[in-house]
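*Asks:* got a structure for you, letters missing:
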C-alpha cells in the first residue's frame, strides 16, 4: 500500500473544547490507484487530504506513507518525504508569481538539489505534455486559470512522485478547462504510474475514478470500486 490510515482522528480546539473533524478513518490506497474523495462541504475531505500529505498531524491514529509512519514525524523529515514521494495540486494553483511557468515546474527539482540541466529538460517535457510547450517563459499573471492549473499539474509531477494528491483541481475552472485538466490528470496518472487521490465536488471527475470514497460528518460512509476509464 502506498498510503494506509488506521484509526485516524482529528480535532481542533474551539471555545476550550475539542471540535471533532475526522473520526476513526481507516483507509488503504494501493499503488497506482485513482481514488476520488467526495462529500458535502464540511465533511472533512480537505482535512483528510492534508493529513495524507503530512501538512497537518492527526490527533490520534496511524498514517503510513509507503511503509513509513508519518503521524508525528519531525517536520524536516516530513518535508523530505513530501519532496520525494508526494505531489500536491491546490485548487488555487499556488504558483510563485515571480517565476516563469518553466521555473515553477522546475522548482521541486531545484529544491531537492537536482542537476539544473536535467531539471530544465524534465520541465520542458512536462509543459509540452500539458499543452504549454510554448508558454514556459510566461509568468502566472500572463496565463489563464486553466493554463495556471496545467502548470501546477506539471509541477506536481516534476519529481515523479509515487503519490499525487489534488484538492478540488477543477474547482476554479469552467467546464471546458475542467475537462482538459481531468484528461491530463488521467493521462499523466497512467504515463507516470502515479497513485492519484483527489478531493472533488465534480461528479464528472468522480465518475472517472476507479474508487469513490464518500465522507459525511468526518467519517467514511461509503467506499466503492468503479470500473474507471
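*Replies:* Happy to help now that I have it. Just so we're clear, the structure is a prediction, and the values are computed from it rather than from any experiment. Numbering: from 1, shown residues only.

*Asks:* Could you pull out the buried residues of the helix of greatest length in the chain?
*Replies:* Using DSSP state H to define each element, the chain has its longest helix at helix 175-192. By neighbour count on 16 or more other Cβ atoms under 10 Å, the buried set for helix 175-192 is 177, 178, 179, 180, 181, 182, 184, 185, 186, 188, 189, 192. The C-beta positions use only the backbone N, C-alpha and C, and glycine is treated the same way.

*Asks:* who touches it?
*Replies:* 34, 129-131, 144-146, 149-150, 153, 157, 160, 164, 166, 169-170, 173, 194, 196, 198, 202, 204-205, 208, 229 (Cβ atoms under 8 Å, 6 or more residues apart in numbering).

*Asks:* Quote the end-to-end distance of stretch 11-24.
*Replies:* 11 Å (Cα to Cα, to the nearest Å).

*Asks:* starting at the chain centroid, how far to it?
*Replies:* 25 Å (Cα atoms, centre = their mean, to the nearest Å).

*Asks:* If we go by neighbour counts, what in that stretch is buried?
*Replies:* 11, 21, 22, 23.

*Asks:* how near is the residue nearest the centre of the chain to residue 85?
*Replies:* Centroid-nearest residue in the chain, with Cα atoms, centre = their mean: residue 165, separated by 1.8 Å. According to Cβ to Cβ, to the nearest Å, residue 165 stands 11 Å off from residue 85.

*Asks:* And residue 20, by the same measure?
*Replies:* Residue 20 is 29 Å from residue 85, by Cβ to Cβ.

*Asks:* Tell me where this structure is predicted with low confidence.
*Replies:* Within the chain, the ranges that satisfy pLDDT under 70 run 227-229.

*Asks:* Okay, helices next: where are they in it?
*Replies:* Counting by DSSP H, the helices of the chain are 45-52, 75-85, 101-111, 116-129, 145-157, 175-192, 203-207.

*Asks:* All good on my end, thank you.
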